[in-house]
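>>> Need a 3D model of the following:
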Amino acid sequence: MDSFYFGIIIIVSIIGSVVVGCLISFGFVLYRTRKYLDKWFKDLWYDYVGRHGPPDPNLLTNITEEYLSRRNEFWTLYGQFTIAVFVVICITILLLAKVISAEAGLPILSAVGGFAIGKGITIGRGTTYRRPEGRE
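Have a look, this model is predicted:
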């Protein structure tokens, strides 16, 4: 193998490791800052209840369901995106090292890229809760 290709493989490996490391550390930072956001939301909640009184139980159920579904959707997409980046980096290194041919690697790269792009596009959702008349 040429020293030129070996140098390119090393550079791609280092850049790929840095990118995957940044994605994983960003996920840990998001997960750790959740406790600060929970405290902030709790303070907002107590302020709201102090001003307006207890809300409708249906509103609480809908808010909780919406929050949990969006949180789970975010972490699922985040994990899939991180794995897709890792797979693309591995396939790229294998293509550069000529371990696999372009006929085998490029369809895999396009499939992973299409999957990541397709999963990132979502249809907008609205809430289903309607407030009773006379309440604000």
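
>>> CA only for contacts and neighbour counts going forward, please
OK.

>>> how distant is the worst-scoring helix or strand of the chain on mean pLDDT from the center of its chain?
Ranked by mean pLDDT, DSSP states H and E, the helix or strand of the chain with the weakest confidence is helix 102-120, at a mean of 82. Distance of helix 102-120 from the chain centroid (Cα atoms, centre = their mean, to the nearest Å) equals 18 Å.

>>> quick one, longest helix in the protein?
Counting residues, the longest helix found in the chain (DSSP state H) is helix 3-52.

>>> Can you name the next helix or strand after that helix?
For helix 3-52, the following helix or strand on the C-terminal side (DSSP states H and E) is helix 57-96.

>>> what is the orientation angle of that following helix with helix 3-52?
170 degrees (axes from the mean of the first three to the mean of the last three Cα atoms, to 10 degrees).

>>> Tell me the buried residues in the least confident helix or strand of the chain?
Gly105, Leu106, Leu109, Val112, Gly113, Ala116 (16 or more other Cα atoms under 10 Å).

>>> Closest one to Glu73 out of those residues, please.
Distances from Glu73 to those, taken as Cα to Cα, are shortest for Ala116 (13.9 Å).

>>> Now do the SS call for Val99.
coil (DSSP: H, G, I helix; E, B strand; the rest coil).
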